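**Student:** Whatever this is, show me its structure:
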Amino acid sequence: MVNWSGTESARAGRSYLPESNEQVAAVLAEHHAAGAPIRPIGSSISPNGIGLPTDGGSSISIALMDKVLAVDREARTVTVQAGARVQAVVDALAEFGLTLENYASIAEQQLGGFTQVSAHGTGALVPPVDDQVLALTLVTADGAVLRLRADAESDEERRLFRLARVGLGALGVVTELTLRVVPRHLLREVAWIISRKEACDPTLNAAMIRRHRHVRYMWVPYTDDVIVVASDAVATDPRAAVPAAGRAHSAAGAAAPAAGLGDGKDGDLGLQGTAAAGPLAAWPVAGSAEAAAAEALEQWAKEPLRDLLAELSREALKQAGAASLAADVAALRERRGEAEEAGSEGALRERAARLVEAAEAAVAGDIASLSAAGLRHRLLGFGPLDTGLVRRVNLAEARYYRRACGRERERGGPTGPGAPPGALPPGVPDGARVRYDWSDRVLGFDCGGAQWVNEVALPAGSWSAPDSQGSEFVRRVLEDVVERRGLPAPSPIEQRWTAATSSPMSPAAAGRWAKDGAATPADAIFSWVGIIQYMPREDDARQRASVTAAFKSDYEAACRRELWADFRAAQHWAKIDLDGLAPEERGEALQSLAKDFDLQAFEDARAVLDPRGILVGPRLASTVLAAAALAQTSRA
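**Tutor:** Have a look, this model is predicted:
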């Protein structure tokens, strides 16, 4: 079993694919009785392989339990089996004019894993996805089936529900979820470029966070460029665009007056405030003149990346051709002797030149079809740990964004599709990239291939009074960690924001926000920052091992040592990995975990729900359990 990035693997003794709660319960009860390890696994998206089992242990996947069970349009809820994938749920909700409140970068996750690790999108009024969960079905290690709800009668049941929302698969197997959903809506996405200084300006930061429903920054190392991507709901009733076939599924709501985004019912969802102006449908429209102009602009914007890839590919092909020719000539001379070689060597050289020419043509055709992320991935394959090369790639990517977002338009190139009247929000320069589409199509984005990621969440003020701690953290990463050391840090360093969640095991838990006993405001927010290292050569085990070692021992380790404590940063559960740390650093990391989370409450719940510890995989054992044990030892 291998995770999505190919960074972690395990050999399961047995794998189970149940189709019902009863089957899940039977499998778990059997393992509980035998004290045999079994780990629930989702789509294996997590870079750290959090769902992978112990080698030789069992795994259980509920991928076949993937149905949408019920949609309540009036209450705005959906009940699904936890094996349902995000995109499938989104497609089903669209028929009712509804959608999920927020999305992470990709939509292939199963809902169970999506919520269990507190995945998140961006938006200072939108919490991580676990906070959308209103009820869940949990099958415990001994096969008991529990129904947990946010509105349970007792405090104890409500506490267990909040723990189980981010249970990391250690409290039981989540088989069903009821989630809060929102009206399906169009978003206007605008992308433009600001400087590092602007990105760290407290006033500008506060304006960005408060003005836009969704905003993220993409910082490009070794440049001054920060790409802002901001999205806002369009002022229209999105359910008016639901096809007739979809409305037929909701007889009670089909003829009823539709509640729009500004009816007050969505006030707690962040859909209130200044709505975006623009068309009432996706824009540019496929096949239109604007779509053709947008594509022409995109192709022109990618030229710096394409040109660099063509240059490096030509150099590599010529070097490979020369090496191959030298080997062929040496072999020929050895077989025939010097006197017979003049004609044969000429033929070999001519053949080598033809092969290089053909390969160059093939590479050129391949390059033309690649996305910007695909071009970056291919470029980094020439030397992901070569700082000089990585800087060249980052500069080419910065030029791509400058062209796409209007900063280099004055130097020539196509004008692009422009923007609908009134589309640009205040403070956004002319030429910024604009598009309109449904929220699920806007909020997802290309992650860029196999990678190591380390992401942390840190308190960032409140929606009423945002601070610039998140941006200051990134500035320190760039200046004190990356550029001072000359690390080969690729683009981007991604920064997002979310509201706090009431799930105590989330890195964005409301309880983590408060400092020195201060109260946590109802609108507390966190900034999430992710550093990345791509592993472009999937067939090169040596390169992957080198990238892994460099990322962990240099890039991530420096951030951990120099920044995390000062900014009260906590790692994303799908990205935490303490393997390979020196004993002292590992001890400090475990102490931070014990300080950040109420691990005693989590362990108390585990003692009841999984007393024999069969649901814990190696990643949890080396992090949560180890930190809990350390905390217990310290108390003793």
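**Student:** need the next SSE after the helix or strand harbouring Glu603, C-terminal direction.
**Tutor:** Secondary structure from DSSP states H and E places Glu603 in helix 599-609. Remark: after helix 599-609, the chain's next helix or strand is helix 618-620, criterion DSSP H and E.
**Student:** per-residue confidence averaged over that following helix?
**Tutor:** Mean per-residue pLDDT for helix 618-620: 89.
**Student:** Run the angle between the helix or strand following that helix and helix 599-609 for me.
**Tutor:** Once helix 618-620 ends, the next helix or strand along the chain (criterion: DSSP H and E) is helix 626-635. With axes from the mean of the first three to the mean of the last three CA atoms, to 10 degrees applied, the angle from helix 626-635 to helix 599-609 works out at 110 degrees.
**Student:** hang on, the earlier thing: list the buried residues in the helix holding Glu603.
**Tutor:** By 16 or more other CB atoms under 10 Å, the buried positions in helix 599-609 come out as 599, 602-603, 605-606, 609. Where C-beta positions appear, they are placed from N, C-alpha and C, glycine not excepted.
**Student:** Show the contacting residues for the residue nearest to Leu163 when sequence neighbours are not counted.
**Tutor:** Of all residues not flanking Leu163 in the chain, Ala605 sits nearest, at 5.3 Å (CB to CB, 6 or more residues apart in numbering). Ala605 is in contact with 160, 163-164, 171, counting by CB atoms under 8 Å, 6 or more residues apart in numbering.
**Student:** quick one: which of these sit in strands?
**Tutor:** Of the positions in these, not one sits in strands, assigned by DSSP state E.
**Student:** Mind putting those into TSV with pLDDT and distance to Ala29?
**Tutor:** What follows is the contacts of Ala605, written out as TSV (pLDDT from 0 to 100; distance: CB to CB, whole Å):
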residue	pLDDT	distance to Ala29
Leu160	98	20
Leu163	97	22
Ala164	98	19
Leu171	98	16
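**Student:** Find the pair from the residues you listed with maximum spatial separation.
**Tutor:** Leu160 and Leu171 (8.4 Å; CB to CB).
**Student:** More neighbours: which of these two?
**Tutor:** Between Leu160 and Leu171, counted using other CB atoms under 10 Å, the more crowded position is Leu171 (26 against 22).
**Student:** check contacts around the more buried one.
**Tutor:** Leu171 touches 138, 140, 163-164, 605-606, 609-610, 615, counting by CB under 8 Å, 6+ apart.
**Student:** Next, give me the two most distant ones among these.
**Tutor:** Maximum pairwise distance among the contacts of Leu171 (CB to CB): 14.0 Å, between Leu163 and Leu615.
**Student:** neighbour-wise, which of these two wins?
**Tutor:** Between Leu163 and Leu615, counting by other CB under 10 Å, Leu615 is the more crowded of the two (27 against 21).
**Student:** For the more buried one, grab phi and psi.
**Tutor:** The phi/psi pair for Leu615 (degrees, to the nearest 10) reads phi -90, psi 0.
**Student:** so how far is Ala550 from it?
**Tutor:** Distance of Leu615 to Ala550, given as CB to CB, to the nearest Å: 33 Å.
**Student:** related to what we said a few turns ago, turn the contacts of Ala605 into TSV, columns for distance to Leu395.
**Tutor:** TSV is the format used below for these (distance: CB to CB, whole Å):
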residue	distance to Leu395
Leu160	52
Leu163	47
Ala164	47
Leu171	47
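**Student:** ok, the residues you listed vs Val133, which is closest?
**Tutor:** Using CB to CB, those come closest to Val133 at Ala164, 9.0 Å.
**Student:** What separation do you get for that closest one and Glu408?
**Tutor:** 51 Å.
**Student:** ends of stretch 103-121, how far apart?
**Tutor:** Stretch 103-121 has its terminal residues 5 Å apart, counting by CA to CA, to the nearest Å.
**Student:** State the number of residues packed around Arg73.
**Tutor:** With other CB under 10 Å as criterion, Arg73 counts 21.
**Student:** Hmm, it is touching Phe96, no?
**Tutor:** Yes. Arg73 is within contact range of Phe96, at 5.1 Å (criterion: CB atoms under 8 Å).
**Student:** Which ones among the contacts of Ala605 map onto helices?
**Tutor:** Taking DSSP state H as the definition of helices, the contacts of Ala605 contribute 160, 163-164.
**Student:** With distance to Pro425 added, can I get the residues you listed in a markdown table?
**Tutor:** Listed next are these as a markdown table, based on distance: CB to CB, whole Å:
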| residue | distance to Pro425 |
| --- | --- |
| Leu160 | 43 |
| Leu163 | 40 |
| Ala164 | 40 |
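**Student:** Start from the N-terminal end of the stretch 151-300 of the chain and give the helices.
**Tutor:** Under the criterion DSSP state H, counting those that start in this stretch, helices of the stretch 151-300 of the chain are mapped to 155-165, 196-199, 202-211, 244-247, 251-254, 289-301.
**Student:** Now the first one: buried residues?
**Tutor:** So that's helix 155-165. Buried residues in helix 155-165 (16+ other CB under 10 Å): 157-158, 160-165.
**Student:** Now render the residues you listed as CSV, adding distance to Leu458.
**Tutor:** Conversion of the buried residues of helix 155-165 to CSV gives the following (distance: CB to CB, whole Å):
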residue, distance to Leu458
Glu157, 31
Arg158, 27
Leu160, 28
Phe161, 26
Arg162, 21
Leu163, 22
Ala164, 25
Arg165, 21
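**Student:** which two in these are spaced the farthest apart?
**Tutor:** Glu157 and Arg165 (13.0 Å).
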